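Trainee: quick check, what structure comes out for this input:
(2 chains)
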Number of protein chains: 2
Amino acid sequence: MTVDRNAPVGVFDSGVGGLTVAREIMRNLPSEKIIYFGDTARLPYGSKSPETILRYSRQIIRFLREQPVKAIVIACNTASAFALDTVRGETDIPVIGVIEAGALVAAQKTRTKRIGVIGTEGTVSSRIHERFLKSIDPSLSIFGKACPLFVPLVEEGWLKDPVTYEVASRYLADLKEQKIDTLILGCTHYPLLRSVIREVMGDSVELVNPAYETALELAALLEKKGLTSSEEVPEGFPYRFFVSDLAEKFTDFANSILPYDVTMTRKIDIENY
Amino acid sequence: MTVDRNAPVGVFDSGVGGLTVAREIMRNLPSEKIIYFGDTARLPYGSKSPETILRYSRQIIRFLREQPVKAIVIACNTASAFALDTVRGETDIPVIGVIEAGALVAAQKTRTKRIGVIGTEGTVSSRIHERFLKSIDPSLSIFGKACPLFVPLVEEGWLKDPVTYEVASRYLADLKEQKIDTLILGCTHYPLLRSVIREVMGDSVELVNPAYETALELAALLEKKGLTSSEEVPEGFPYRFFVSDLAEKFTDFANSILPYDVTMTRKIDIENY
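Mentor: Below you'll find the model as predicted:
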C-alpha cells in the first residue's frame, strides 16, 4: 500500500472534546493537515459498552480512510480504551490513542509513585491506564475515579462555578486521601476544568493533560514511518471538520477553543459507514 | 390492515426514563402487554437535532412494527416534540406522545393561567407545549426552562442531594419570579427529582407528571379504535424489554422502579432498522 505523506491526519472524538487534542497537533505540527470527526449524534461515549464504542469507532475509521487520511488519532479516552487495540490490527495505517502518551508522562513525573486517573465510567472501569502504567513500573500505585458529571458541567459552561467546585470536591476526596502526587486528566473535556481541579487538589499535585504528549507521539510516529508532510505550509485552510449532528453548534464551540475561524462544518450520516 | 387487539403496545424512550410511563400503563391497563425499547446506545436525545431524533424514532418504530405491536407510545418528551407529527402520518397504527396529555392537565389545573415547562434543551426550544397550550386557551402564559444537568444528576443517583438542590434553585429561579402556579415535568427523568423540585418551588405550585395522563390517553384511544385487549389477564409475564446497549445496567434500573422482577432484557442493533 502506498500512503501519501501529504495526506491529512484523521482525528476523532465523540464530540468537541477531542478538539483540545487537534489544537495541540495544530500548534506543534503546523505542516500537517487534519480531518476532524466529532460523533455528536451518538455522544457521550463514556457511559456506553465496549462493543458499542468499538462499532462506532470502526464506522468512523471507515469514513476517515475514505478521505483518505495517512494516520489516525483517537482523541477520546473511552474509544482509546475500548477500541484502539482492535482497530490497530484491522487498519493498514498507523493509529494512536490518548492513553499511552499521558500515562508515560505521569510515570515520569510522579515521585511518590502514587498516580490518580479521572475519566468517564467507561475509561476508569477499563483500568487501561493502570495496566499500561504497571507495565512500565510495577511498583506504581494507581487510583481511578469516574466523574460522570464533569462532561455535562463543561457543556453547561459552568467551568469555574461553585456547583462544579462542590462536585469536584466530592469526586476527588478519595484521591486526596490516597495522597497521589500526579493526576491524569483522562477525558478530553477535563482540561477545561483545570482551574477547579487545581483548586481542589492543591498545587502539590501535578495535573497531566495527555493532549500535548499525544501530539508529540504523533510527530515521532510520522517521522518513524516516513509520513511527515513535505509541505512546509499547506495551501489554503488545512483543517476540515465533520460531525454526525448539529454542525452549527459544533462550529460555535470549535471557534471558542481553536485559534482559527472555523467557518464550515459538514454533517455526515455516520451510520452508513 | 387487520390489527390484533391482543398484540402488545410498543413503548419507547431514549433510555430508562420512559419506564415511568410504562409503569403507569402497567398499573392502569393491567390487561395490556407491553414491548419496551430503550435507545441506550444513542442516548441522550435532549441535546440532539430534530432530524437526528426523527431518524432514530423511525428506526425504533420499524423495529416495534415488526414485533408486531398494535399501538405505539413515544415515552420521551424530546422524541414526542420532534417526531410525533411526522411518524403519525407514516404509520398505520395509532401513535401517541407524552406532550399533549400533560399539557391538557396543566391547562385544567392552573388558576393564574401561568404555566411553567421544564425539559431538555430540545423539548424546551421546540416550544411544543406552548403551541399546544395556546391552542387550548390563547390567554395562557407559558414559561419554559431547559435543565440539562437534571438527567445526569438522576443518573448519578443524587436525587435528594444538596448539589441537586443548588442546581434546581438556579434553574428554577426565573420560573419562581414569573409566579407560575403549575409546572409540567417535561422529561421522563424529572419525576425522580420531584421532592427537590417541590422544595424549591414550594407547595403552592402544582407539579404535573404526564406519565399517568398518557396512560389514560392510551386507554381511551385503544377503546375508541376497538383495540382494547380481550384477555383479562395476559398469560405469562406480559412485558418484554429491549435496548440498544448495556442490557444489564438497564435491567438493574428497571428493577429499581418497576414492581416486577425484570429478569431479562435483550440487546438489539437498532441501526439495522
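
Trainee: so in terms of bridging, what pairs with the nearest residue to A:Glu121 once chain neighbours are set aside?
Mentor: Nearest residue to A:Glu121, sequence neighbours excluded (CB to CB, 6 or more residues apart in numbering or on different chains): A:Ala146, at 4.5 Å. C-beta here means a position set from N, CA and C on the backbone, and glycine is covered the same way. Beta-bridge partners recorded for A:Ala146 (DSSP bridges): A:Gly119.

Trainee: hmm, A:Ala146 is touching A:Ser126, no?
Mentor: No: applying CB atoms under 8 Å as the test, A:Ala146 and A:Ser126 come out as separate, 10.6 Å apart.

Trainee: now do the helices in chain A.
Mentor: Using DSSP state H, the helices of chain A run over residues A:19-28, A:50-66, A:77-90, A:99-109, A:121-126, A:128-136, A:150-156, A:162-177, A:194-201, A:210-224, A:247-257.

Trainee: so which of the ones you listed is nearest B:Lys225?
Mentor: Proximity to B:Lys225 (CB to CB) singles out helix A:50-66 among these, at 37.0 Å.

Trainee: so for the residue nearest to A:Ile257 when sequence neighbours are not counted, what's the pLDDT?
Mentor: Nearest non-adjacent residue to A:Ile257, counting by CB to CB, 6+ apart: A:Leu19, 5.5 Å away. Looking at A:Leu19, its pLDDT stands at 94.

Trainee: what is the neighbour count of A:Leu19?
Mentor: Using other CB atoms under 10 Å in any protein chain shown, A:Leu19 is surrounded by 25 other residues.

Trainee: how long is stretch A:201-216 from one end to the other?
Mentor: From its first residue to its last, stretch A:201-216 covers 27 Å (CA to CA, to the nearest Å).

Trainee: contacts for that stretch next, please.
Mentor: A:20-21, A:23-25, A:27-29, A:73, A:75, A:77, A:96-99, A:101-106, A:109-110, A:116, A:172, A:175-176, A:180-186, A:188, A:190-191, A:194, A:197-198 (CB atoms under 8 Å, 6 or more residues apart in numbering or on different chains).

Trainee: in that stretch, what's buried?
Mentor: The neighbour-count check on stretch A:201-216 (16 or more other CB atoms under 10 Å in any protein chain shown) flags A:201, A:205-215 as buried.

Trainee: how far does that stretch sit from the chain's center?
Mentor: Stretch A:201-216 has its C-alpha centroid displaced from the chain centroid by 13 Å (CA atoms, centre = their mean, to the nearest Å).

Trainee: for it, what is the average pLDDT?
Mentor: On average, stretch A:201-216 scores 96.

Trainee: and the stretch 151-273 of chain A, which of its residues are near chain B?
Mentor: Neighbours of chain B within the stretch 151-273 of chain A, by CB under 8 Å from any CB of the partner chain: A:152-153, A:155-156, A:162-163, A:166-167, A:170, A:244-246, A:271.

Trainee: repeat that with 7 Å
Mentor: A:152, A:156, A:163, A:166-167, A:245-246, A:271 (CB under 7 Å from any CB of the partner chain).
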